[in-house]
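*Asks:* dropping the sequence and predicted coords here.
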Amino acid sequence: MLFALLGVVAVGSGVLVVTTRHLVHAALWLVLTLGAVAGCFLLLSAEFVAWVQVLIYVGAVVVLLLFGLMLTRAPIGASDELDSSRGQQVAAAVTAAAVAGVLVASLVDSFRGARIDLSGDHVAGSARQAGEAIFGSWVLPFEVLSLLLLAALVGAIVLSRRDISPDPVPLDTRSGD
Amino acid sequence: MPLLMPLMVGALLFALGVYGVLARRNAILVLMAVELMLNAVNLNLVAFDVYLRDGLLAGQVFTLFVITIAAAEIGLGLAIVLLVFRNRATVELDGLTDLRETDPPTALPVTADEQAVAT
């Protein structure tokens, strides 16, 4: 029952994320969606994933998005410039409805009656179990992932720094300035 | 708990993300819609992990990986958006038509429809 409530909150605020005409409100509704999904993770006994979701998504990604909004001089208040033309909106809605229809139909057909057994004190995702899984079976992908994060960090810095020009001036010619 | 409940939430969130990516014009809103889609996938991964009681916790570990990759993606995406904004003073995706195929020299006169697309 609680899960259904959280699901309704997640989907409802998700609708507002993609339809609201206030840019900043979209980011704040995204917080609610991500928080509700984190609650869903908790109810599915994946504690560690839920707290990582809160820390990284709600804590870091949304703040990053808000910084992006600030740096691109996003309009404060309602704006009609956020959505594409009416025709494209209708086409997008039809596509999204088709995606939802296909997904829901195939999932209902495949998993009708399947139940998740959450009885007893079986917790599948405590920090201890998640840590043992990551640093036991999944340690190589974990290391590769840290390399990926490093590469993304370097890339983001290179892209956003102003003083790195695309064709670099030789060092000796710019010693004067 | 029926397995269908998390799956339905995931499917609807994914469809909302598809709508957002296609219907929004502001680049940052498109990034937000991408986040919605990634979250839908995460919900599916966790639901199936718990349903199958995987001994290696594959679903949950993959969810952590997806969250990490999403963080990297949003960082790079925002850097690119800021670069576009610095060069063009706009983040509207409809305005970025440099790679669009130009009309051939002997093209028919531009119809009203095409003009609406181009502007």
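*Replies:* Done, it's in.
*Asks:* OK, contacts around the residue most central in space within chain B?
*Replies:* Centroid-nearest residue in chain B, with Cα atoms, centre = their mean: B:Val34, separated by 2.9 Å. Going by Cβ atoms under 8 Å, 6 or more residues apart in numbering or on different chains, B:Val34 touches B:17, B:21, B:73, B:77. All C-beta spots, glycine's among them, are computed from the backbone N, C-alpha and C.
*Asks:* distance check, the third one against B:Val34.
*Replies:* Okay, so that is B:Glu73. Per Cβ to Cβ, to the nearest Å, B:Glu73 is found 7 Å from B:Val34.
*Asks:* equivalent analysis for the first one, please.
*Replies:* Counting by Cβ to Cβ, the gap between B:Gly17 and B:Val34 amounts to 7 Å.
*Asks:* helix/strand/coil for the residue nearest to the centre of chain B?
*Replies:* The three-state assignment at B:Val34 reads helix, by DSSP: H, G, I helix; E, B strand; the rest coil.
*Asks:* distance of it from B:Ala70?
*Replies:* Taking Cβ to Cβ, one finds B:Val34 at 8 Å from B:Ala70.
*Asks:* likewise for B:Thr102?
*Replies:* 36 Å.
*Asks:* swap in A:Gly39?
*Replies:* According to Cβ to Cβ, A:Gly39 stands 19 Å off from B:Ala70.
*Asks:* break down chain B into its helices, ranges please.
*Replies:* Along chain B, the segments classed as helices by DSSP state H run B:4-23, B:27-52, B:58-88, B:112-118.
*Asks:* CSV please, covering those and showing mean pLDDT and distance to A:Leu65.
*Replies:* Compiled in CSV, the helices of chain B are given as follows (pLDDT from 0 to 100; distance: least, Cβ to Cβ, whole Å):
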stretch, mean pLDDT, distance to A:Leu65
helix B:4-23, 95, 13
helix B:27-52, 94, 6
helix B:58-88, 92, 7
helix B:112-118, 61, 29
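*Asks:* and those helices as a markdown table, adding distance to A:Arg162?
*Replies:* What follows is the helices of chain B, written out as a markdown table (distance: least, Cβ to Cβ, whole Å):
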| stretch | distance to A:Arg162 |
| --- | --- |
| helix B:4-23 | 30 |
| helix B:27-52 | 20 |
| helix B:58-88 | 8 |
| helix B:112-118 | 32 |
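*Asks:* and those helices: which comes nearest A:Phe135?
*Replies:* helix B:58-88 (10.4 Å; Cβ to Cβ).
*Asks:* Three-state assignment for A:Trp51, please.
*Replies:* helix.
*Asks:* count the neighbours of it for me.
*Replies:* A:Trp51: 15 surrounding residues under other Cβ atoms under 10 Å in any protein chain shown.
*Asks:* contacts only, for it.
*Replies:* A:Ala38.
*Asks:* now do the one 10 residues further on
*Replies:* By Cβ under 8 Å, 6+ apart, A:Val61 lies in contact with A:34, B:35, B:70-71, B:74.
*Asks:* more crowded one of B:Thr102 and B:Ala70?
*Replies:* The residue with more neighbours, out of B:Thr102 and B:Ala70, is B:Ala70; 21 against 7, by other Cβ under 10 Å.
*Asks:* quick one: stretch A:109-127 near chain B?
*Replies:* Yes - judged by Cβ under 8 Å from any Cβ of the partner chain, stretch A:109-127 comes into contact with chain B at A:111-118, A:122, A:124-125.
*Asks:* least confident pick among these?
*Replies:* When the residues of stretch A:109-127 next to chain B are compared by pLDDT, A:His122 scores lowest at 68.
*Asks:* let me see the domain layout of chain A.
*Replies:* Taking automatic domain parsing as the domain assignment, the ranges for chain A are A:1-78, A:126-163.
*Asks:* just say which of those domains is most tucked in.
*Replies:* The highest mean neighbour count among the domains of chain A, using mean count of other Cβ atoms under 10 Å in any protein chain shown, belongs to domain A:1-78: a mean of 19.
*Asks:* can you give me the end-to-end distance of it?
*Replies:* 36 Å (Cα to Cα, to the nearest Å).
*Asks:* now do that domain: distance to the chain's middle.
*Replies:* 8 Å (Cα atoms, centre = their mean, to the nearest Å).
*Asks:* who touches the residue nearest the centre of chain A in this structure?
*Replies:* Centroid-nearest residue in chain A, with Cα atoms, centre = their mean: A:Tyr57, separated by 6.0 Å. Contact analysis of A:Tyr57 by Cβ under 8 Å, 6+ apart lists A:34, A:38, B:35, B:39, B:67, B:70.
*Asks:* the residues of stretch A:109-127 next to chain B, buried ones only, as a ChimeraX selection?
*Replies:* To isolate the buried ones among the residues of stretch A:109-127 next to chain B in ChimeraX, judged by 16 or more other Cβ atoms under 10 Å in any protein chain shown, type:
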select /A:111,116,124,125
